[in-house]
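**Q** Sequence first, then the predicted structure, then my questions.
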Amino acid sequence: MAAGPRPRDPSQRVRDALVGGRSRGRAATLLRGAGRALVLGLASALFPRPTAALPARGAIRKVLVVRVDERVGNQLLTTPLLRAIKLGLPAAELHLLAPRQATAIEPPHVDRLWAWQKRDAFQAPHRFVGLLRALRRERFDVVIEAGHWSAFPLTAVLLARLIRGQVTVGHDRGEAARFLSHAVPHDPANGNEIPAKLELLSALGLEPRGLEPETGLGLDPAPARALLTAVGIGDRPLAVLNPGARLADRRWPPEPYAAVARGLAARGLSVLVVWGPGEEPIAREIAGRSGATLAPATDLSLLAGLLRAARIVVTNNSGPMHLAAAVGAPTVGVFFSGDSARWGHRLPTFAAAEVRTPADHAIVLEACDRLLSLS
């Protein structure tokens, strides 16, 4: 009797799946790269490089800042630029073009906020074209593309060019300069994100007006006070822990966070563990290990109110870290991947703690002590 086919080794199936996944990933990367090159080539052919001179400062009536990143933290990092523009050009209208999700931070200093979604260009082109026409009718004197200095945001640069401002300002990132009338060089000494973004002010002859981010969220203390009363904390001194993060390599494990929670409780603070979408199991584990209080689900406004009420905030490098800095809370940023120089805040109320192992919770508590001693 002939033998049937031998069953495949399960480990071989896993290896085959991994190889297939990597192949598909490489193909997708190549496809995206080819599409980007095609769009860039077409745009370069259709749009001549703008060469207009900057208007006199007193003649600038309308400025548009384009920041298309959907992440709340990156929108908050743009607010020092918005503040400097508005205070430096008080007679000019300041407009902001940002994704609908990012408008939730309620940025101060903005006279008009334009909300958009990238997918509208494909799924609702009539909406995208309508927005573009409305922006063109504003006849902006200056359009500033305010994406990261380190990357070439093709969508943002093309948007800034399509809006047809009198001049278009942005960082010089190789091909990006092709679409800008004023390409600002990046100073390598400005490794931190906010000072690097403030380099764009030089094109208008403006000065920075501080490094702190800002938000209009959480100004009413009543919702946060009601939550703290409901969970049994009330008016006792509050520490807020945010152990979540969008990127896995920015999440410090639950065990050392629980040790920090116990240390803060020993210092007389009531510890509240907050969490975002998909992060509740992590927060629940920390609360269970430490005896801290698990927060209910919160929106950005309520989270901002809790951060405003806190004597100390301990958080991974994430949107809530920048939100804590924006509301002025004493904040210890836990950096698990060694990038505090770029993403930390140069503020007296902020301390960066570089960690590697669970034993490094002592480093975090030392940073907490330094900030608590200032209050």
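**A** Sure thing, it's come through.
**Q** Tell me the helices and strands packed up against the strand or helix carrying Val65.
**A** Assessed by DSSP states H and E, Val65 sits inside strand 62-66. With contacts defined as 3 or more CB pairs under 8 Å, 6 or more residues apart in numbering; DSSP states H and E, the packing partners of strand 62-66 are helix 79-88, strand 93-99, strand 142-145, helix 154-162. In short, each C-beta sits where N, CA and C put it, glycine included.
**Q** 10 Å instead?
**A** Packing contacts for strand 62-66, counted by 3 or more CB pairs under 10 Å, 6 or more residues apart in numbering; DSSP states H and E, involve helix 79-88, strand 93-99, strand 112-116, strand 142-145, helix 154-162, strand 167-171.
**Q** other SSEs contacting the helix or strand that that strand is followed by?
**A** Next helix or strand after strand 62-66 toward the C-terminus (DSSP H and E): helix 72-76. Packed against helix 72-76 by the contact rule (3+ CB pairs under 10 Å, 6+ apart) you find strand 93-99, helix 193-197, helix 319-326.
**Q** returning to what we had before: mind putting the helices and strands packed on strand 62-66 into CSV with mean pLDDT, mean neighbour count and distance to Arg250?
**A** Formatted as CSV, those follow (pLDDT from 0 to 100; neighbours: other CB atoms under 10 Å; distance: least, CB to CB, whole Å):
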stretch, mean pLDDT, mean neighbour count, distance to Arg250
helix 79-88, 98, 21, 21
strand 93-99, 95, 21, 21
strand 112-116, 91, 15, 27
strand 142-145, 96, 28, 26
helix 154-162, 84, 21, 24
strand 167-171, 94, 25, 24
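**Q** Could I get the phi/psi values of Ala239?
**A** The phi/psi pair for Ala239 (degrees, to the nearest 10) reads phi -120, psi 130.
**Q** wait, isn't it in contact with Thr331?
**A** No. Counting by CB atoms under 10 Å, Ala239 does not reach Thr331; the two are 11.1 Å apart.
**Q** overlap in contacts of those two?
**A** Jointly contacting Ala239 and Thr331 under the rule CB atoms under 10 Å, 6 or more residues apart in numbering are Ala310, Ile312, Val313, Val314, Cys368.
**Q** Quickly list what the fourth one is bridged to.
**A** Note on Val314: beta-bridge partners by DSSP bridges are Leu241, Val332.
**Q** Pull the number of nearby residues for it.
**A** 33 (other CB atoms under 10 Å).
**Q** Give me the sheet partners of the strand holding Val65 and which way each runs.
**A** Sheet pairing for strand 62-66, using DSSP bridges, gives strand 93-99 (parallel), strand 142-145 (parallel).
**Q** residue ranges with poor pLDDT in the stretch 51-200 of the chain?
**A** Applying pLDDT under 70 to the stretch 51-200 of the chain picks out residues 51.
**Q** about what we covered before: neighbour-wise, which of Ala239 and Thr331 wins?
**A** For Ala239 versus Thr331, neighbours defined as other CB under 10 Å are more numerous around Thr331 (31 against 26).
**Q** could you pull out the strands for the stretch 201-350 of the chain?
**A** Using DSSP state E, counting those that start in this stretch, the strands of the stretch 201-350 of the chain run over 238-242, 270-273, 293-294, 312-316, 331-335, 350-354.
**Q** Flag every buried residue along stretch 363-375.
**A** Residues of stretch 363-375 classed as buried by neighbour count (16 or more other CB atoms under 10 Å): Ile363, Val364, Leu365, Ala367, Cys368, Leu371, Leu372.
**Q** what does stretch 170-181 give?
**A** Of the residues in stretch 170-181, Gly170, His171, Arg173, Ala176, Ala177, Arg178, Phe179, Leu180, Ser181 count as buried by neighbour count, 16+ other CB under 10 Å.
**Q** just stretch 350-359 next, same as before
**A** Phe350, Ala351, Ala352, Ala353, Glu354, Val355.
**Q** Wait, the first one touches Gly344, no?
**A** Looking back up the chat, that one is Phe350. Yes. Assessed by CB under 10 Å, Phe350 is found in contact with Gly344 at 6.5 Å.
**Q** show me the contacts for Leu89.
**A** Arg57, Gly58, Ile60, Arg61, Lys62, Val63, Asp141, Val142, Leu204, Leu206.
**Q** Buried ones among these?
**A** Ile60, Lys62, Val63, Asp141, Val142, Leu204, Leu206.
**Q** How about the contacts made by the first one?
**A** Counting by CB under 10 Å, 6+ apart, Ile60 touches 54, 85, 88-89, 91-93, 140-142, 166-167, 204.
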